[in-house]
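Colleague: the following block contains a protein sequence and its predicted model.
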Amino acid sequence: MSVRTSGITVTTDSCPSGGPVRPPSPAAGEPAALGTGLGLDPDDLPDGLVVADETGRVVCFNAAAARITDIAPQDALGRPLEHALPLQDIEGRRWWRLTDPYGGLAIRRGQPERNLLLGGREVLVSARYVRSRPTGPVQQLVIALRGTEARRRTELSHAELIATVAHELRSPLTSVKGFTATLLQKWERFTDDQKRLMLETVDADANRVTRLIAELLDISRIDSGRLEVRRQRVDMIAAVRRHVQAQTTAGQRPDRFLIRMLEPLPDLWADPDKVDQVLGNLLENAVRHGEGTVTIEVGPASDTTNAEGTSVTVSDEGPGIPEESMSRVFTRFWRGSKRGGTGLGLYIVKGIVEAHGGAITVGRAPAGGAQFRFSLPVAAPAFMA
């Protein structure tokens, strides 16, 4: 008997012995299935595979199923499915008796994936009923098993995102609400300077909320692959100088920044707003979490394919990033210190750089601090090719 899964047709008759499973030849006029002619061992599948025959006895139990269920294949093969894989729903009911795959309506084709219990552990289970004809008896029951670790990580990430948003919004909104309520109730009691100070605070907190919302929208677009890049000619050196000027205008000492230029640079076509977002995040990160001189080096770059591009390196002289933390720098909610921030900036920076076809790395600067380097390909428009 053959089973078609994700466009691949495999036979399961040899599964118990652990031999290779080979796709059968396609019928006349039928397109060849993906993988035809290649040996496929059930133990090579990333998900658990359990197959029961027409009598309900297990005839296939691959290595992934053994790992997920903690049941040895020899303890499952040849046994009735209900005893070999004693699944229960969250209310403690026996799953195979509840669904009755070999009885009931003959038009049923399977069971969608759901969370079930197996010996106290949670397992994601889906099933497919293989029939000789559309309403015929079940010839084989094919069960796919997956662990819940990936789903739990996703749920934890969502929970962290909600907690972060709630925390970051509470403080500025409380401030905005407090100052506006005070001004509305006691406007005549305050001097013009006091009113200006409160309104400036409200404006700063409103900007903070706007920035957080923009970050959340960027994360949504990055995760869904919908981050748009509107390419224009970008002067990277001018952009770097503009951001350094913004930092000094905000109160940083001019001598804290050192710009190095390695010219000539190739013409760069990128999204200027998103390039500004990357530079702003990296410079703010160096100023807030680093120490000493912040060095920005701009120069030409080429990747392994010798394609032209521009690279920017931002480094500081602070304590740097511990080696064990470097692999997590570009993940959500990573914070290098307790000096504020949502922990989303570097995640967004990586997403923007990669959306341009570029790459970004982190390491240790010559002076001991953190060093971020990103490169963007020239990416000239098609009409200039």
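Modeller: Perfect, thanks for sending it.

Colleague: tell me where the stretch 251-385 of the chain has helices.
Modeller: Under the criterion DSSP state H, counting those that start in this stretch, the stretch 251-385 of the chain contains helices at 272-289, 345-355.

Colleague: what's the last one packed up against?
Modeller: Using 3 or more CB pairs under 8 Å, 6 or more residues apart in numbering; DSSP states H and E as the contact definition, the elements that helix 345-355 packs against are helix 192-224, helix 272-289, strand 359-364, strand 370-377. Every C-beta, even on glycine, is put in place using the N, C-alpha and C of the backbone.

Colleague: swap in the first one?
Modeller: Judged by 3+ CB pairs under 8 Å, 6+ apart, helix 272-289 is in contact with strand 232-234, helix 236-249, strand 294-302, strand 308-315, helix 345-355, strand 370-377.

Colleague: and Gly78, which of the ones you listed is closest to it?
Modeller: helix 345-355 (49.8 Å; CB to CB).

Colleague: show me the contacts for Glu263.
Modeller: Gly299 (CB atoms under 8 Å, 6 or more residues apart in numbering).

Colleague: again, but for Pro172
Modeller: Pro172 touches 205-206, 208-209, counting by CB under 8 Å, 6+ apart.

Colleague: what sits closest to it if chain neighbours are left out?
Modeller: Take Pro172 and drop its neighbours on the chain: the residue closest to it by CB to CB, 6 or more residues apart in numbering is Asp205, 3.6 Å away.

Colleague: surely the one you found and Ser175 touch.
Modeller: Yes - using CB atoms under 8 Å, Asp205 is in contact with Ser175, at 4.8 Å.

Colleague: returning to what we had before: switch the helices of the stretch 251-385 of the chain over to TSV; also include mean neighbour count and distance to Val362.
Modeller: Output for the helices of the stretch 251-385 of the chain, formatted as TSV (neighbours: other CB atoms under 10 Å; distance: least, CB to CB, whole Å):
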stretch	mean neighbour count	distance to Val362
helix 272-289	20	10
helix 345-355	22	8
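
Colleague: between those helices, which one is nearest to Thr55?
Modeller: helix 345-355 (52.1 Å).

Colleague: centre of the chain to that closest one, how far?
Modeller: Here helix 345-355 is found 12 Å from its chain centre; the criterion is CA atoms, centre = their mean, to the nearest Å.

Colleague: could I get it in PDB with only the CA atoms?
Modeller: Output of helix 345-355 as PDB, limited to C-alpha atoms (Å, rounded to 0.1, in the frame of the first residue of the first chain):
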ATOM      1  CA  GLY A 345      15.800  47.300  17.500                       C
ATOM      2  CA  LEU A 346      18.500  44.900  16.500                       C
ATOM      3  CA  TYR A 347      15.900  42.300  15.400                       C
ATOM      4  CA  ILE A 348      14.400  44.900  13.100                       C
ATOM      5  CA  VAL A 349      17.900  46.000  11.900                       C
ATOM      6  CA  LYS A 350      18.700  42.400  10.800                       C
ATOM      7  CA  GLY A 351      15.300  42.100   9.000                       C
ATOM      8  CA  ILE A 352      15.800  45.300   7.100                       C
ATOM      9  CA  VAL A 353      19.400  44.500   6.100                       C
ATOM     10  CA  GLU A 354      18.400  41.000   4.900                       C
ATOM     11  CA  ALA A 355      15.400  42.400   3.000                       C
END
